[in-house]
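S.K.: Give me a 3D structure for the following:
(2 chains)
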Amino acid sequence: MVQNKILKQITLFAENKPGRLTSATKILSENGINIRAFTIADTGEFGIIRFVVDDADAALRHLQRGGFTVSETKVLGLEMSDKPGALFEISSALSDNGINVDYAYAYTSAAPGKAILILQASDLITAAKLLTERGFQLVESSP
Amino acid sequence: MEFWNPNIERLPEEELKQLQERKLRRLVENAFEYSSFYKERFGSAGISPHDIRSLEDLQKLPFTYKTDLRDTYPTGMFSVPQSQIVRFHVSSGTTGVPTVVGYTVNDIDVWSTCLARSLTACRLGRGDVVQVAYGYGLFTGGLGLHYGVEKIGATVLPIGAGSTSRQVSLMKDLGTTAMACTPSYLLHIGEVAESMKVDIASQTKLRVGILGAEPWSLESRKRIEQNLGIRAYDIYGTSEMSGPLFTECSAQNGIHAWADHFLLEIIDDHGRPVKQGKKGELVVTTLSKEALPLIRYRMGDITSLVWEECECGRTHPKIMRVQGRVDDMIVIRGINVFPSQIESVLMQIPEVGDHFQIVVDRVGPLDVMTVKVEVTESALSDRIGALMQLEERIAKQLREVLMVNAKVELVERGTLPRSSGKSQKVIDLREV
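M.R.: As a prediction, the model looks like this:
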């Protein structure tokens, strides 16, 4: 089932002022939660910080308790080879099928020569099916 | 019990007006005789007590203002010697010199009686537990409600404002059926209950809110009623009038103002009476107060008055929702804006939290209004565009109602100030 291969991402709302990233990451660190990858999108006044962590449920719980506005969103984690053309292959597979990529960010995998691409798309389930059909490995939890 | 005193609460309008006329004549005579303040004020307006024979003559009398109370601080407007006074209350004076109100034994009794009628109209009585979370002490809210609750034979829990988690646990443990506090504080109590994993709607006996001391919108009421599973009644009254006095009835359509004790008028910007049902400033004449009688006192609250028999059977005039205070009004680029208008827009948007703040500043020659709202967890999207669209949508809805541009700023939940009393919703940074 592709549905099972969808990753949980933590989205956190933060006003653009000093110390917000520090206090959020402090909570994660104190609770032994490892951040695999993160990205910040901002408007100047506020931003949203997206995290992929090793224990999404615990991260959500602890950040909520810490007073943060957080939610859990679903994204795809794709294992891709660290070689030319890998991203092209993924994006063309999606665009050929009319699927729009909302945002993406990446981190290097523990496996040598591999990278993990975190991807949000307009139709996540179809995207997941398409990419598995083309031989891509979907990451279940963050390795 | 349906009525506290059906005879007076259902007295026909004509008879109430005759009663008001008799009491007005006596009030003016007494003021002339016992109050140096009123004697001088009437004298300089060229009025003698004989000029006031009917309710229509009321308009010949000069207005009185909060500034009069301040100018005669502390007790220059009192009409009885100190030996007759059994209690003082003092207003906070956040907007200037504090004002002092005094009460005779009879004043306290009239005050509690008014509240006994009002609380009965909110379907409260013997067997109810009323948690009074208005401030006790110099503020009239706490002690006022306290006496009213005791009068109807309900149980009072005199907790006062603050210690919010204790409010929740005692509400649960003692079976509180009614909360008396400001609407914004009840919303905050709701938040704290949630964080304590207490669902007020299903795990407490709370069924009534007696909410006031600050203007609040119908949309806020809807939110409070839905979130907490209660009926929320508006309460009105200021320290100058005694304290909280009047509430809505179960019809929740107007606040019953007891006409045998208070004579109310609504006036326009020029001090002229408006047609029934039209908006204007509320003016109060106290018909029974002994220690500090008020004659044509400008309340500064913007509302309207309707005198018709209510579906509950009460015949006294009704104060419709208080839209705001004359001094709460913000003028943005020449357009009048009330915080309550902003609240009513925001509370219709589910993505917006219960608290907000308005910041007004001047950038160059232009007034700029920023409305800060807390983003709720359910509204939080991982797409930043969605949040920017939310800001735009709120700004658009505000513009449609206010006819003036407002900048909307999303802030983190729990960051806007919460208050256990009257909430400070407007910060005006403009230099006057």
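
S.K.: for stretch B:412-428, how far is the first residue from the last?
M.R.: 22 Å (CA to CA, to the nearest Å).

S.K.: How about residues contacting it?
M.R.: The contact list for stretch B:412-428 (CB atoms under 8 Å, 6 or more residues apart in numbering or on different chains) reads A:13-15, A:67-69, B:133-135, B:139, B:161-162, B:164, B:181-182, B:184-185, B:188, B:191, B:213-214, B:328, B:330, B:339, B:343, B:353, B:355-360, B:372, B:374-377. Placement of C-beta: from N, CA and C, glycine included.

S.K.: Using PyMOL, make a named selection holding only the buried ones among these.
M.R.: Here is the PyMOL selection string for the buried members of the contacts of stretch B:412-428, based on 16 or more other CB atoms under 10 Å in any protein chain shown:
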select buried, (chain A and resi 13+14+15+68+69) or (chain B and resi 133+134+135+139+161+164+181+182+184+185+188+191+213+214+328+330+339+343+353+355+356+357+358+360+372+374+375+376)
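
S.K.: what helix or strand is the residue lying closest to residue B:348 once chain neighbours are set aside on?
M.R.: For residue B:348, ignoring the flanking residues on the chain, the nearest one in space by CB to CB, 6 or more residues apart in numbering or on different chains is residue B:219 at 5.3 Å. Following DSSP states H and E, one finds residue B:219 within helix B:218-228.

S.K.: likewise residue B:385?
M.R.: helix B:384-402.

S.K.: CA-only coordinates of stretch A:128-135, as CSV, when you get a sec.
M.R.: The C-alpha coordinates for stretch A:128-135 follow below in CSV (Å, rounded to 0.1, in the frame of the first residue of the first chain):
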residue,chain,number,x,y,z
ALA,A,128,3.3,8.1,-4.8
LYS,A,129,1.8,5.4,-7.1
LEU,A,130,3.4,6.9,-10.2
LEU,A,131,6.9,7.1,-8.6
THR,A,132,6.8,3.6,-7.2
GLU,A,133,5.7,2.3,-10.6
ARG,A,134,8.8,3.9,-12.0
GLY,A,135,11.0,2.1,-9.5
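
S.K.: Distance from the chain centre to the helix or strand containing residue B:146, please.
M.R.: Here residue B:146 sits within helix B:140-151, counting by DSSP H and E. Relative to its chain's centre, helix B:140-151 lies at 15 Å (CA atoms, centre = their mean, to the nearest Å).

S.K.: where does chain B dip in pLDDT?
M.R.: B:1, B:93-96, B:432 (pLDDT under 70).

S.K.: which strand is the longest one in it?
M.R.: strand B:352-363 (DSSP state E).

S.K.: quick one: the following helix or strand past that one near chain A?
M.R.: Sequence order places strand B:366-375 as the next helix or strand after strand B:352-363, per DSSP H and E. Yes - Strand B:366-375 reaches chain A (CB under 8 Å from any CB of the partner chain) through B:374-375.

S.K.: got the angle for strand B:366-375 vs helix B:384-402?
M.R.: 120 degrees (axes from the mean of the first three to the mean of the last three CA atoms, to 10 degrees).

S.K.: Output the contacting helices and strands for the top helix by length along chain B.
M.R.: For chain B, the helix that runs over the most residues, judged by DSSP state H, is helix B:13-34. Applying 3 or more CB pairs under 8 Å, 6 or more residues apart in numbering or on different chains; DSSP states H and E, one finds that helix B:13-34 contacts helix B:36-44, strand B:262-267, strand B:280-286.

S.K.: Listing partners with orientation, what would you give for the longest strand of chain B?
M.R.: strand B:366-375 (antiparallel), strand B:426-428 (parallel) (DSSP bridges).

S.K.: that older thread, neighbouring contacts of the helix holding residue B:219?
M.R.: Helix B:218-228 is contacted by residues B:183, B:186-187, B:190, B:200-201, B:206, B:209, B:211, B:230-232, B:234, B:321, B:343-348, B:354 when judged by CB under 8 Å, 6+ apart.

S.K.: sorry, back to before: go through the strands paired with strand B:352-363 and pick out the most buried.
M.R.: By mean neighbour count, with neighbours taken as mean count of other CB atoms under 10 Å in any protein chain shown, strand B:366-375 ranks first of the strands paired with strand B:352-363 at a mean of 19.

S.K.: Send me that one as PDB with only the CA atoms.
M.R.: Extracted in PDB, the C-alpha atoms of strand B:366-375 (Å, rounded to 0.1, in the frame of the first residue of the first chain):
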ATOM      1  CA  LEU B 366      -1.500  58.000   7.200                       C
ATOM      2  CA  ASP B 367      -3.200  56.100   9.900                       C
ATOM      3  CA  VAL B 368      -2.400  52.400   9.700                       C
ATOM      4  CA  MET B 369      -4.400  49.800  11.500                       C
ATOM      5  CA  THR B 370      -3.000  46.400  12.100                       C
ATOM      6  CA  VAL B 371      -5.200  43.600  13.400                       C
ATOM      7  CA  LYS B 372      -3.300  40.800  15.100                       C
ATOM      8  CA  VAL B 373      -5.000  37.400  15.300                       C
ATOM      9  CA  GLU B 374      -3.800  34.100  16.600                       C
ATOM     10  CA  VAL B 375      -3.700  31.300  14.000                       C
END
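
S.K.: Centre of the chain to it, how far?
M.R.: Remark: strand B:366-375 is offset 25 Å from the chain centroid, using CA atoms, centre = their mean.
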